[in-house]
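Novice: Structure for the following, please:
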Amino acid sequence: MKKDYKHKVNKKKIQVCNIMGVNIAAIDMNWLLKFTDKYLKDLSGDYMCVSNVHTTVMSYENYDYRLVQNGGIMSIPDGGPLSTVGRKRGYNNMKRTTGPSYMEEVFKITVEKGYRHYFYGSTEETLEKLHRKLNHNYPGIQIVGMYSPPFRPLNEEEDKDIIKRINDTNPDFVWVGLGAPKQENWMYNHQGKVNGFMVGVGAASVSYTHL
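Specialist: Numbering: from 1, shown residues only. Prediction:
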(Lines give C-alpha, C1' and ligand atoms only; values in the text may rest on other atoms or scores of the structure.)
Protein backbone atom coordinates (compact mmCIF):
# COMPACT_ATOMS: atom_id res chain seq x y z
CA MET A 1 0.00 0.00 0.00
CA LYS A 2 1.16 3.55 -0.65
CA LYS A 3 2.17 6.41 1.62
CA ASP A 4 -0.29 8.41 3.67
CA TYR A 5 -2.11 11.14 1.77
CA LYS A 6 -2.63 14.53 3.34
CA HIS A 7 -6.19 15.60 2.63
CA LYS A 8 -6.71 19.26 1.75
CA VAL A 9 -10.15 19.14 3.39
CA ASN A 10 -10.29 18.25 7.08
CA LYS A 11 -12.00 14.86 7.33
CA LYS A 12 -13.20 15.81 10.80
CA LYS A 13 -15.80 17.97 9.05
CA ILE A 14 -17.52 14.74 8.04
CA GLN A 15 -19.49 12.76 10.62
CA VAL A 16 -19.02 9.02 10.13
CA CYS A 17 -20.55 5.79 11.38
CA ASN A 18 -18.08 2.92 11.61
CA ILE A 19 -19.67 -0.22 10.18
CA MET A 20 -17.53 -3.36 10.15
CA GLY A 21 -14.39 -1.25 10.14
CA VAL A 22 -15.48 1.10 7.34
CA ASN A 23 -16.12 4.75 8.16
CA ILE A 24 -19.39 5.38 6.33
CA ALA A 25 -20.32 9.06 6.06
CA ALA A 26 -23.45 9.85 8.09
CA ILE A 27 -24.89 12.18 5.46
CA ASP A 28 -27.71 12.74 3.00
CA MET A 29 -27.72 13.93 -0.61
CA ASN A 30 -28.35 17.58 0.16
CA TRP A 31 -25.37 17.71 2.53
CA LEU A 32 -23.13 15.94 0.03
CA LEU A 33 -23.96 18.30 -2.83
CA LYS A 34 -23.31 21.36 -0.68
CA PHE A 35 -20.06 19.88 0.64
CA THR A 36 -18.61 18.95 -2.74
CA ASP A 37 -19.57 22.29 -4.28
CA LYS A 38 -18.01 24.24 -1.40
CA TYR A 39 -14.76 22.26 -1.33
CA LEU A 40 -14.51 21.05 -4.93
CA LYS A 41 -11.18 22.71 -5.71
CA ASP A 42 -9.66 21.37 -2.51
CA LEU A 43 -10.99 17.91 -3.30
CA SER A 44 -8.94 17.78 -6.48
CA GLY A 45 -6.64 14.77 -6.25
CA ASP A 46 -8.81 13.10 -3.64
CA TYR A 47 -11.49 10.43 -4.05
CA MET A 48 -14.83 9.27 -2.72
CA CYS A 49 -16.05 5.69 -2.45
CA VAL A 50 -19.67 4.78 -3.10
CA SER A 51 -20.08 1.99 -0.55
CA ASN A 52 -22.69 -0.73 -0.28
CA VAL A 53 -23.08 -3.89 1.79
CA HIS A 54 -20.92 -5.91 -0.61
CA THR A 55 -17.94 -3.52 -0.51
CA THR A 56 -18.30 -3.15 3.25
CA VAL A 57 -18.16 -6.93 3.78
CA MET A 58 -15.21 -7.11 1.37
CA SER A 59 -13.47 -4.43 3.43
CA TYR A 60 -14.16 -6.31 6.66
CA GLU A 61 -12.56 -9.41 5.19
CA ASN A 62 -9.64 -7.68 3.45
CA TYR A 63 -7.47 -5.27 5.43
CA ASP A 64 -5.88 -3.66 2.36
CA TYR A 65 -9.27 -2.96 0.79
CA ARG A 66 -10.47 -1.53 4.10
CA LEU A 67 -7.56 0.93 3.94
CA VAL A 68 -8.71 1.87 0.45
CA GLN A 69 -12.32 2.41 1.55
CA ASN A 70 -11.17 4.57 4.45
CA GLY A 71 -8.39 6.31 2.54
CA GLY A 72 -10.48 8.76 0.53
CA ILE A 73 -12.24 11.87 1.73
CA MET A 74 -15.29 9.73 2.55
CA SER A 75 -17.31 6.62 1.76
CA ILE A 76 -20.98 7.40 1.17
CA PRO A 77 -23.87 5.04 2.11
CA ASP A 78 -24.99 3.71 -1.25
CA GLY A 79 -26.48 0.63 0.36
CA GLY A 80 -29.79 1.09 2.18
CA PRO A 81 -28.85 -1.22 5.08
CA LEU A 82 -25.83 0.98 5.86
CA SER A 83 -27.92 4.09 6.42
CA THR A 84 -30.44 2.02 8.39
CA VAL A 85 -27.68 0.86 10.73
CA GLY A 86 -26.49 4.45 11.05
CA ARG A 87 -29.92 5.76 12.04
CA LYS A 88 -30.30 2.95 14.60
CA ARG A 89 -27.03 4.15 16.10
CA GLY A 90 -28.31 7.69 16.43
CA TYR A 91 -27.22 9.28 13.14
CA ASN A 92 -30.72 10.50 12.36
CA ASN A 93 -29.78 12.47 9.23
CA MET A 94 -28.02 9.53 7.59
CA LYS A 95 -29.84 8.49 4.42
CA ARG A 96 -29.09 6.25 1.47
CA THR A 97 -27.00 8.29 -0.98
CA THR A 98 -26.41 6.35 -4.20
CA GLY A 99 -23.70 6.87 -6.77
CA PRO A 100 -26.08 7.15 -9.77
CA SER A 101 -28.29 9.63 -7.90
CA TYR A 102 -25.31 11.74 -6.85
CA MET A 103 -23.95 11.78 -10.39
CA GLU A 104 -27.31 12.84 -11.81
CA GLU A 105 -27.77 15.58 -9.22
CA VAL A 106 -24.35 16.94 -10.13
CA PHE A 107 -25.30 16.88 -13.82
CA LYS A 108 -28.45 18.90 -13.09
CA ILE A 109 -26.38 21.83 -11.84
CA THR A 110 -23.32 21.29 -14.02
CA VAL A 111 -23.96 24.03 -16.59
CA GLU A 112 -24.86 26.58 -13.92
CA LYS A 113 -21.73 25.72 -11.91
CA GLY A 114 -19.44 25.30 -14.91
CA TYR A 115 -18.28 21.83 -13.83
CA ARG A 116 -15.88 19.95 -16.08
CA HIS A 117 -16.21 16.15 -16.34
CA TYR A 118 -13.86 13.32 -17.26
CA PHE A 119 -15.06 9.71 -17.54
CA TYR A 120 -12.65 6.83 -16.94
CA GLY A 121 -13.81 3.25 -17.44
CA SER A 122 -16.45 1.19 -19.22
CA THR A 123 -16.41 0.38 -22.95
CA GLU A 124 -15.98 2.81 -25.83
CA GLU A 125 -19.51 2.01 -27.01
CA THR A 126 -20.99 2.83 -23.60
CA LEU A 127 -18.98 6.02 -23.34
CA GLU A 128 -20.21 7.14 -26.75
CA LYS A 129 -23.83 6.51 -25.71
CA LEU A 130 -23.22 8.36 -22.45
CA HIS A 131 -21.70 11.31 -24.31
CA ARG A 132 -24.76 11.61 -26.57
CA LYS A 133 -27.21 11.23 -23.68
CA LEU A 134 -25.52 13.83 -21.51
CA ASN A 135 -25.28 16.39 -24.29
CA HIS A 136 -28.95 15.81 -25.10
CA ASN A 137 -30.15 16.07 -21.49
CA TYR A 138 -27.80 18.84 -20.37
CA PRO A 139 -26.98 21.15 -23.29
CA GLY A 140 -23.77 22.98 -22.55
CA ILE A 141 -22.31 20.28 -20.28
CA GLN A 142 -18.51 20.27 -20.38
CA ILE A 143 -17.33 16.72 -21.06
CA VAL A 144 -13.58 17.25 -21.32
CA GLY A 145 -12.53 13.64 -21.83
CA MET A 146 -13.45 9.96 -21.85
CA TYR A 147 -11.21 6.92 -21.76
CA SER A 148 -11.94 3.21 -21.97
CA PRO A 149 -8.90 1.43 -20.49
CA PRO A 150 -7.84 -2.04 -21.65
CA PHE A 151 -9.01 -5.03 -19.62
CA ARG A 152 -5.57 -5.52 -18.12
CA PRO A 153 -3.30 -3.58 -15.77
CA LEU A 154 -1.63 -0.59 -17.42
CA ASN A 155 2.13 -0.59 -17.52
CA GLU A 156 4.05 2.30 -15.99
CA GLU A 157 4.32 4.31 -19.21
CA GLU A 158 0.65 3.82 -20.04
CA ASP A 159 -0.31 4.89 -16.55
CA LYS A 160 1.79 8.04 -16.76
CA ASP A 161 0.19 8.79 -20.11
CA ILE A 162 -3.39 8.50 -18.84
CA ILE A 163 -2.58 10.65 -15.81
CA LYS A 164 -1.24 13.32 -18.16
CA ARG A 165 -4.25 12.99 -20.48
CA ILE A 166 -6.65 13.47 -17.60
CA ASN A 167 -4.74 16.32 -16.00
CA ASP A 168 -4.35 18.17 -19.29
CA THR A 169 -8.15 18.49 -19.47
CA ASN A 170 -8.33 20.19 -16.04
CA PRO A 171 -11.47 18.32 -14.87
CA ASP A 172 -13.48 19.06 -11.74
CA PHE A 173 -14.89 15.54 -11.55
CA VAL A 174 -13.28 12.28 -12.67
CA TRP A 175 -16.03 9.65 -12.78
CA VAL A 176 -14.44 6.19 -12.45
CA GLY A 177 -16.54 3.29 -13.69
CA LEU A 178 -14.43 0.16 -13.32
CA GLY A 179 -16.55 -1.77 -10.82
CA ALA A 180 -15.59 -2.72 -7.27
CA PRO A 181 -12.96 -3.31 -6.04
CA LYS A 182 -11.01 -2.29 -9.14
CA GLN A 183 -12.23 1.31 -9.24
CA GLU A 184 -11.52 1.97 -5.56
CA ASN A 185 -8.03 0.53 -5.88
CA TRP A 186 -7.42 2.67 -8.97
CA MET A 187 -8.51 5.84 -7.18
CA TYR A 188 -6.42 4.97 -4.12
CA ASN A 189 -3.33 4.43 -6.26
CA HIS A 190 -3.90 7.69 -8.15
CA GLN A 191 -4.71 9.83 -5.14
CA GLY A 192 -2.63 12.98 -5.33
CA LYS A 193 -1.64 12.21 -8.94
CA VAL A 194 -4.87 12.82 -10.84
CA ASN A 195 -6.30 16.34 -10.87
CA GLY A 196 -10.03 16.39 -10.24
CA PHE A 197 -12.30 14.84 -7.63
CA MET A 198 -12.44 11.09 -8.29
CA VAL A 199 -15.75 9.33 -7.67
CA GLY A 200 -16.17 5.59 -8.11
CA VAL A 201 -19.56 5.18 -9.74
CA GLY A 202 -19.36 1.57 -10.88
CA ALA A 203 -22.17 0.66 -13.23
CA ALA A 204 -23.80 4.06 -12.82
CA SER A 205 -22.39 5.37 -16.09
CA VAL A 206 -23.67 2.26 -17.87
CA SER A 207 -27.17 2.43 -16.39
CA TYR A 208 -27.36 6.13 -17.12
CA THR A 209 -27.22 5.46 -20.87
CA HIS A 210 -30.55 3.68 -20.57
CA LEU A 211 -32.42 6.51 -18.86
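
Novice: sec struct for the closest residue to T97 other than its chain neighbours, please.
Specialist: Distances taken as C-beta to C-beta, 6 or more residues apart in numbering place I76 nearest to T97, at 4.7 Å, with adjacent residues excluded. (Glycine included, C-beta is placed from N, CA and C.) Under the three-state scheme (DSSP: H, G, I helix; E, B strand; the rest coil), I76 adopts strand.

Novice: My reading is that Y120 lies in a strand. Confirm?
Specialist: Yes: counting by three-state DSSP, Y120 is found in a strand.

Novice: Buried residues in the helix or strand containing I143, which are they?
Specialist: Using DSSP states H and E, I143 sits within strand 142-147. Under the neighbour-count criterion of 16 or more other C-beta atoms under 10 Å, strand 142-147 has I143, V144, G145, M146 buried.

Novice: Kindly report the same for stretch 187-203.
Specialist: 187-188, 190-192, 194-202.

Novice: Return the subset of the residues you listed lying in helices.
Specialist: M187, Y188 (DSSP state H).

Novice: would you list the buried residues of stretch 187-203 in CSV and tack on distance to E105?
Specialist: Converted to CSV, the buried residues of stretch 187-203 look like this (distance: C-beta to C-beta, whole Å):
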residue, distance to E105
M187, 20
Y188, 25
H190, 24
Q191, 24
G192, 27
V194, 22
N195, 23
G196, 18
F197, 14
M198, 17
V199, 12
G200, 16
V201, 12
G202, 17
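
Novice: circling back: which outside residues touch the very next helix or strand once past the strand holding I143?
Specialist: Using DSSP H and E, the next helix or strand after strand 142-147 towards the C-terminus is helix 156-168. With C-beta atoms under 8 Å, 6 or more residues apart in numbering as the test, helix 156-168 has contacts from Y118, Y120, G145, Y147, P149, L154, V174, H190, K193, V194, N195, G196.

Novice: again, only this time at 6 Å
Specialist: Y118, K193, V194, N195 (C-beta atoms under 6 Å, 6 or more residues apart in numbering).

Novice: Give me the contacts around the helix or strand hosting M58.
Specialist: Using DSSP H and E, M58 sits within helix 53-61. Helix 53-61 is contacted from outside by I19, M20, G21, V22, Y65, R66, Q69, G79, P81, A180, using C-beta under 6 Å, 6+ apart.

Novice: If you rank the residues you listed by neighbours, which is first?
Specialist: Q69 (25 neighbours; other C-beta atoms under 10 Å).

Novice: That one looks like it's in a helix, true?
Specialist: Yes: judged by three-state DSSP, Q69 forms part of a helix.

Novice: Please name the residues that touch it.
Specialist: Q69 touches V22, C49, S59, S75, counting by C-beta under 6 Å, 6+ apart.

Novice: Distance-wise, check it relative to S51.
Specialist: Applying C-beta to C-beta, to the nearest Å, the value for Q69 to S51 is 6 Å.
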